[in-house]
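Q: give me coordinates for this.
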Amino acid sequence: MRYLYRSIALLALGISAPALAQATAPVTATSPNGSIVVEVKTVEDGRLAYTVTRKGKPILAPSRLGFLFTDAEKIDRSLAITGTERADKDETWQQPWGEWRQIRNQYRELTVHVAETQRNKRRFDVRFRIYDDGVGFRYEVPAQAQLARANIAEELTEFAFASDGTAWWKPAFLWNREEYLYNKTPLSALGTADTPVTIKLEDGTHVALHEAALVDYSGMAVARSGGTTLRAALTPGAGAAKVVKNGAWTTPWRTLIVADDAAGIYSSHLMLNLNEPNKLGDVSWFKPGKFAGVWWNMIKGEWSWARGPKHGATTANVKRYIDFAAANGIPNVLVEGWNVGWDGDWFGNGWAMDFAQPTEDFDAGVLAAYAKKKGVQLVGHHETGGAASHYENQFDKAFKFAADHNITVVKTGYVTDAGQIERVDADGTKYREWHEGQWMSNHFVRVAEAAAKYKVAFDSHEPIKGTGLHRTYPNWVSREGSRGMEYNSWAGKNPPEHEANLVFTRMLEGPMDFTPGVLSLTGENGSAILSTEAKQLALYVVLYSPVVMAADTPENYARHMDTFKFIRDVPTDWEDTRVLNGEVGDYVTIARQVRGGKDWYIGGITDEEARSVSFDLSFLKPGVTYTAEIYRDGDDADYRTDKRHSVAIEKRVLRSTDKLSLRMAPGGGFAIRLKAGK
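A: Reported below is the predicted structural model:
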């Protein structure tokens, strides 16, 4: 009888009963090597669910799919699979800059067509792309009268993990945006979390849950709905609906990277591959590189962004930084606080910010010419104070000013509490938005497009999370998020495990402007940073960004010239990257090959525990001799003592057949340059 009722319902949709019999059977698809299997079927009153297995072991148990709306019935029950489409792809594409030059994109695709069998009879598709190292899927909703406007209250997307495990996660929807330390808890104790969430399941399998291609949609957090089941939790918007869509639309990709170990998680290209190709064309005008800057003294409270006796961004100070950069082969100098608008309560009112009007003690023309003469470029800074609409009103004049002054990279900022971005519509109506809401996801695309018109790249701070969009908009070269070096200046410093957490969590989003290299190891009021000096060097290899800061001051670097040599030498653009070992939150060793060259660099970091790591050098070119310049923790180094500056600098001759064993001190690390011989 139940089959008869459903047959009648499907006939109303123009679907025959035999099609129903075919559709109610589970639909399956596998990854190219067959290790990952996705199954989609209807269960319990026509609810749509999917499962994921790997190497015969369940990763996700049946997990629901669907939507809640603010003004319409939810899409949940009485669903039928009406058909499927399949496709295979295997291509290789090249990044203009990045951790790897060549990216292979190989997957099998399954598109599942779904329709309601009762009442509204709305239609949608779920497209799965199944890789050997994970799965991406998204909803695709065709234009239809029954859903001409979708006011989405929430997704019903579930990730029902088949077993418990250990999860590394940071809380979502709190006032300080993404600037929180990572929790390490059982998966079954996870709260409401930003993604990526990284999980080590009970059998040792590692899974990273995130999203790709976040465009015209709100960011997805996840909330535990019971046991080990997580459900999508969309970022709010200014209105009742978290997302508003018209006509045909798609969601971002919901992503699961799956690997045997932590190293395999980091090595995945799934995030990049699920984004659209470069939309900007030739971006060779952007040159990856390091920058010094008028910054750390402000973070320590010794200089100010605002005008007055402590103002940092003066012509004289910037000339001194340009001289320092030129003398040390650093191609860029960042200047913060150069423009009008910093005086007073800019945190609460960014509307005074003018990104084409320097302060009277900052001569932009003189400094642009001085920098050019010295072979250095300035890096601009656009701090909005959360006044995002005010920034948009200045796009053309702001980026033209940058281009006219030979500034090809701008650091942007959105310092305001979560949920307090100020949006002003054309009619003057004001709203408050979240940093990761739908409106801001579109704002950042508008920044990319506006900057690209003037051949300017940008590095966003207080950003929306990274979802691989630097493939589509390769002038979006880096972003902050997740407590960078500035937190090491203040009370409540980052613990030594923080960077080892970042590698396998935040760094899965893409480049991070962490601002490493504080060799003085001191922050505000002379407080001690919880790191060894060697670890500061290692961060240039371990935490990737094509624009990376030599964050300390020229005066402090002058006291550490022996170790500063590594910062001068290390590049920021890579041909290949290898994760040699690592455990989430404990330690990691990463090797990177110089783009277009033969040399390699290796960085290793640990948490508060001293440990020794061993790794072979089989990634080196056979038959070539390499001179290794090794900067490691001294035998007495310890982040908790005055010996945190103890560094041993050694040279060795190495080949691909060799193996290295190195000890890291508590809070320590090591950095290696491998120079290829002839």
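
Q: any chance you could map the helices in this protein?
A: 2-12, 17-24, 262-266, 270-273, 296-299, 315-327, 364-373, 388-393, 395-404, 438-453, 498-503, 533-542, 554-557, 561-569 (DSSP state H).

Q: now mean neighbour count and distance to V40 too, for the ones you listed, in TSV please.
A: Using the backbone N, CA and C atoms, a C-beta is placed for each residue, glycine as well. Below are the helices of the chain laid out as TSV (neighbours: other CB atoms under 10 Å; distance: least, CB to CB, whole Å):
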stretch	mean neighbour count	distance to V40
helix 2-12	14	17
helix 17-24	15	10
helix 262-266	23	25
helix 270-273	24	19
helix 296-299	21	50
helix 315-327	19	55
helix 364-373	16	57
helix 388-393	20	39
helix 395-404	18	43
helix 438-453	20	27
helix 498-503	26	33
helix 533-542	29	39
helix 554-557	16	57
helix 561-569	18	51
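
Q: what pLDDT does the residue nearest to D562 when sequence neighbours are not counted get?
A: Counting by CB to CB, 6 or more residues apart in numbering, I649 is the residue found nearest to D562 once chain neighbours are left out, at 6.3 Å. The model reports I649 with a pLDDT of 98.

Q: G348 too?
A: For G348, pLDDT reads 76.

Q: burial count for it?
A: 12 (other CB atoms under 10 Å).

Q: how close does it get to E383?
A: According to CB to CB, to the nearest Å, G348 and E383 sit 13 Å apart.

Q: out of the helices of the chain, which comes closest to R595?
A: Of all the helices of the chain, helix 533-542 sits nearest to R595, with 13.8 Å by CB to CB.

Q: so what touches that closest one?
A: 499, 503, 514, 516-519, 521, 548, 560, 563, 566-567, 570, 588, 590-592, 601-606, 631-633, 637, 639, 644-647, 664-665, 667-671 (CB atoms under 8 Å, 6 or more residues apart in numbering).

Q: and the most centrally placed residue in the chain, what does it touch?
A: Nearest to the mean C-alpha position of the chain, by CA atoms, centre = their mean, lies E509 at 2.6 Å. By CB under 8 Å, 6+ apart, E509 lies in contact with 196, 210, 271, 465-468, 479, 481.

Q: any chance of those in a markdown table with pLDDT as columns?
A: Formatted as a markdown table, the contacts of E509 follow (pLDDT from 0 to 100):
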| residue | pLDDT |
| --- | --- |
| P196 | 98 |
| H210 | 98 |
| M271 | 98 |
| K465 | 98 |
| G466 | 98 |
| T467 | 98 |
| G468 | 98 |
| R479 | 98 |
| G481 | 93 |
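
Q: please, a ChimeraX command that selects the buried ones among the residues you listed?
A: Buried residues among the contacts of E509 (16 or more other CB atoms under 10 Å), as a ChimeraX selection:
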select :196,210,271,465,466,467,468,479,481
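
Q: looking at the contacts of helix 533-542, which are in strands?
A: Mapping the contacts of helix 533-542 onto strands (DSSP state E) picks out 548, 588, 590-592, 601-606, 631-633, 647, 664, 669-671.

Q: show me the shaky parts of the stretch 351-500 of the chain.
A: When residues are selected by pLDDT under 70, none of them lie in the stretch 351-500 of the chain.

Q: picking that back up, which of the contacts of helix 533-542 count as buried?
A: For the contacts of helix 533-542, a burial check counting by 16+ other CB under 10 Å picks out 499, 503, 514, 516-519, 521, 548, 560, 563, 566-567, 570, 588, 590-592, 601-606, 631-633, 637, 639, 644-647, 664-665, 667-671.

Q: and stretch 138-145, average pLDDT?
A: 98.

Q: pretty sure S267 contacts V579?
A: Yes - between S267 and V579 a contact is recorded at 5.6 Å, counting by CB atoms under 8 Å.

Q: ok, the residue nearest to T192 when sequence neighbours are not counted to G344 distance?
A: Excluding the flanking residues, the one nearest T192 by CB to CB, 6+ apart is A223, at 4.3 Å. Distance of A223 to G344, given as CB to CB: 39 Å.

Q: counting neighbours, go ahead and name the busier of those two.
A: Neighbour totals were compared for A223 and G344, and A223 leads with 15 against 10 (other CB under 10 Å).

Q: touching, that one and V197? I think so.
A: No - A223 lies out of contact with V197 (CB under 8 Å); the separation is 10.9 Å.

Q: okay, now the unreliable bits of the protein?
A: 1-24, 678.

Q: if we use 50, what do you get?
A: 1-23 (pLDDT under 50).

Q: tell me the contacts of G46?
A: Counted by CB under 8 Å, 6+ apart, G46 has contacts 6, 77-80, 117.

Q: one step back: which neighbours do A223 and V197 have in common?
A: L230.

Q: okay if I get the contacts of E509 as JSON lines plus distance to I103?
A: Output for the contacts of E509, formatted as JSON lines (distance: CB to CB, whole Å):
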{"residue": "P196", "distance to I103": "19"}
{"residue": "H210", "distance to I103": "17"}
{"residue": "M271", "distance to I103": "11"}
{"residue": "K465", "distance to I103": "21"}
{"residue": "G466", "distance to I103": "16"}
{"residue": "T467", "distance to I103": "16"}
{"residue": "G468", "distance to I103": "11"}
{"residue": "R479", "distance to I103": "20"}
{"residue": "G481", "distance to I103": "23"}
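
Q: closest one to G337 out of the contacts of E509, please.
A: R479 (20.5 Å).

Q: which residues are in contact with H210?
A: Applying CB under 8 Å, 6+ apart, we find H210 in contact with 195-197, 255, 257, 271, 467, 508-509.

Q: okay but E39 is in contact with L48, surely?
A: No - between E39 and L48 there is no contact under CB under 8 Å: 11.7 Å.

Q: out of these two, which sits in the busier spot?
A: L48 (24 against 16).

Q: can you tell me how far that one is from E178?
A: Taking CB to CB, one finds L48 at 31 Å from E178.

Q: please apply the same query to A371.
A: From A371 over to E178 (counting by CB to CB), the distance is 33 Å.

Q: and for W296?
A: Relative to E178, and taking CB to CB, W296 is found at 22 Å.

Q: got it, and H113?
A: 36 Å.

Q: also R506?
A: Counting by CB to CB - R506 and E178 are separated by 8 Å.

Q: joint contacts of these two?
A: Joint contacts of R506 and E178 (CB under 8 Å, 6+ apart) are 481-482.
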